[in-house]
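Chemist: below are the sequence and a predicted model for it; my questions follow.
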Amino acid sequence: MRRRYRRDLYAERVKKIKNEMPHCCIGVDVIVGFPGETESDFLETYNFLNELDISYLHVFTYSERDNTEAVSFPDVVNFTDRKRRNKMLRILSEKKRQQFYGRMLENNLQSF
């Protein structure tokens, strides 16, 4: 998708933000099922996001749009796989959200 950043830079930025503001809530937008995304690519993304100290995901399923370059890209991901990947990331997001709020609650209780 021609992103101008790399995962190591992204992870570094998230870590820096959390070091500066440990209680901040970080949400991440993710598109699943972009043409050319293999199962291996998806699992790599899933594992990367699972390891990041983020609070939730905003998951989008790729959909074809007229008048875009991507509409003509090869290796289209079938809709069933797009939907399954979206669901996996939404479940991960809920896990991240629960962890975030659990830590916030724990920190607030410790301050009493």
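Modeler: Received, thanks.
Chemist: and the lengthiest helix in the chain, what's its mean pLDDT?
Modeler: Selection of the longest helix in the chain by residue count, based on DSSP state H, yields helix 79-110. For helix 79-110, mean pLDDT rounds to 93.
Chemist: repeat that for stretch 8-27.
Modeler: Mean predicted lDDT for stretch 8-27 stands at 96.
Chemist: which parts of it are buried?
Modeler: Lys18, Ile26 (16 or more other C-beta atoms under 10 Å). Heads up, the C-betas are built off the backbone N, CA and C, glycines and all.
Chemist: contacts for that stretch next, please.
Modeler: Contact with stretch 8-27 is made by Phe48, Glu51, Leu52, Asp53, Ile54, Ser55, Tyr56, Leu57, His58, Phe100, Met104, Asn107, as judged by C-beta atoms under 8 Å, 6 or more residues apart in numbering.
Chemist: can we see that at 7 Å?
Modeler: The contact list for stretch 8-27 (C-beta atoms under 7 Å, 6 or more residues apart in numbering) reads Leu52, Asp53, Ile54, Ser55, Tyr56, His58, Phe100, Met104, Asn107.
Chemist: torsion angles phi and psi at the residue nearest to the first one when sequence neighbours are not counted?
Modeler: Think Leu52. In space, and not counting its chain neighbours, Leu52 is closest to Val14: 5.5 Å by C-beta to C-beta, 6 or more residues apart in numbering. When quoted as degrees, to the nearest 10, the phi and psi of Val14 stand at phi -60, psi -40.
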